[in-house]
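Please work out how this folds:
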Amino acid sequence: MGLTGDLLARWASRRPHLLLAAAPGATAARLAVEAHADRAGWPLAASPADADLLVVAGQPGSELAAAIERVWDQFPGPRARVRIIDPSGW
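So this is what the prediction gives:
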């Protein structure tokens, strides 16, 4: 990857771009994630192409879960995914 690529990868991993998918009823979890991202200086991504971290807030139903899977498939690598149900940990 080379020196420049290594430095860029390390910098990017410390400053992930979040794409947030919130299930109905997960307002508290969504707000907690947004507040944490703001405190940490993590920008919110506008699209899957700009994101490296997918945060799913709450428990999505089957239709929303299928849509989230389609969005996840559009993420470039490297990528990570997390589900936040209890906002107290953020």
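
Beta-bridge partners for the residue nearest to the spatial centre of the chain, please?
Centrality entry for the chain: nearest residue to the mean C-alpha point is residue 54, 2.8 Å, by CA atoms, centre = their mean. On the basis of DSSP bridges, residue 54 is bridged to residue 19, residue 81.

how much space between it and residue 33?
11 Å (CB to CB, to the nearest Å). In this view, the C-beta of every residue, glycine as well, is placed from N, C-alpha and C.

what do these two both touch?
Common neighbours of residue 54 and residue 33, using CB atoms under 8 Å, 6 or more residues apart in numbering, are residue 18.

Poorly predicted segments of the protein, please.
For the chain, the stretches with pLDDT under 70 are 1-13, 89-90.

rerun at 50
Low-confidence segments of the chain (pLDDT under 50): 1.

Now do the strands in it.
Ranges of strands in the chain, per DSSP state E, are 18-22, 53-57, 80-84.

Quick check: residue 68 touching residue 61?
No: using CB atoms under 8 Å, residue 68 is not in contact with residue 61, being 10.4 Å away.

When those two are compared, which one has more neighbours?
Legend: neighbour count by other CB atoms under 10 Å for residue 68 and residue 61, higher for residue 68 (18 against 11).

What residues does the closest residue to the more buried one other than its chain neighbours make contact with?
Once flanking residues are discounted, residue 68 sits nearest to residue 21: 5.1 Å by CB to CB, 6 or more residues apart in numbering. With contacts defined as CB under 8 Å, 6+ apart, residue 21 is in contact with 54-57, 60, 64, 68, 71.

Going by distance to residue 79, which of the residues you listed wins?
Distances from residue 79 to the contacts of residue 21, taken as CB to CB, are shortest for residue 54 (7.2 Å).

what's near enough to touch the closest one?
18-19, 21, 48, 68, 71-72, 75, 79-82.

That's all I had, so thanks and see you.
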